[in-house]
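1. I would like the atomic coordinates for the input below:
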Amino acid sequence: MNKAKVVYKPVGVVVGMAGGALATAVFSRIWGRVGSGDEAPQPLQRDRGWGEVLLAAALQGAVFGLVRAVVERGGAEGWSRVTGSWPGD
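-> This is a model prediction of the structure:
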């Protein structure tokens, strides 16, 4: 592993944390429009139905996966432009 890839590791962690915060905000905004209530239901909430719980889980997974891919790929491309080294592989 070359030096640039080792140096990228902490940068990748910070980028990942920012992506998690962004994904949370995006999901909350979407759920506020499509769901009932301000907060998405949790699986152990008795007063929420199966459909609502499963919709929230599927939507949350899709949003987090998409935002993670966008943020990580963007971070890698930015790193590559600055250093000339791709952080993956």
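2. What's the first helix or strand after the helix or strand of the chain with the lowest mean pLDDT?
-> Across the helices and strands of the chain, mean pLDDT, DSSP states H and E gives its lowest value to helix 3-34, namely a mean of 90. Counting by DSSP states H and E, the next helix or strand C-terminal to helix 3-34 is helix 50-83.
3. Output the contacting helices and strands for that following helix.
-> Other helices and strands packing on helix 50-83, by 3 or more C-beta pairs under 8 Å, 6 or more residues apart in numbering; DSSP states H and E, are helix 3-34. For every residue, glycine as well, the C-beta is placed using N, CA and C.
4. what angle separates the helix it packs on from helix 50-83?
-> Comparing the axes of helix 3-34 and helix 50-83 via axes from the mean of the first three to the mean of the last three C-alpha atoms, to 10 degrees yields an angle of 150 degrees.
5. Which of the residues in helix 3-34 are classified as buried?
-> Neighbour-count burial for helix 3-34, with 16 or more other C-beta atoms under 10 Å as criterion, is recorded at 5, 8, 12, 15, 19, 22-23, 27, 31.
6. Throw those residues into JSON lines and include distance to R48, thanks.
-> Shown next, in JSON lines, are the buried residues of helix 3-34 (distance: C-beta to C-beta, whole Å):
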{"residue": "K5", "distance to R48": "44"}
{"residue": "Y8", "distance to R48": "41"}
{"residue": "G12", "distance to R48": "36"}
{"residue": "V15", "distance to R48": "33"}
{"residue": "G19", "distance to R48": "27"}
{"residue": "L22", "distance to R48": "26"}
{"residue": "A23", "distance to R48": "22"}
{"residue": "F27", "distance to R48": "16"}
{"residue": "W31", "distance to R48": "12"}
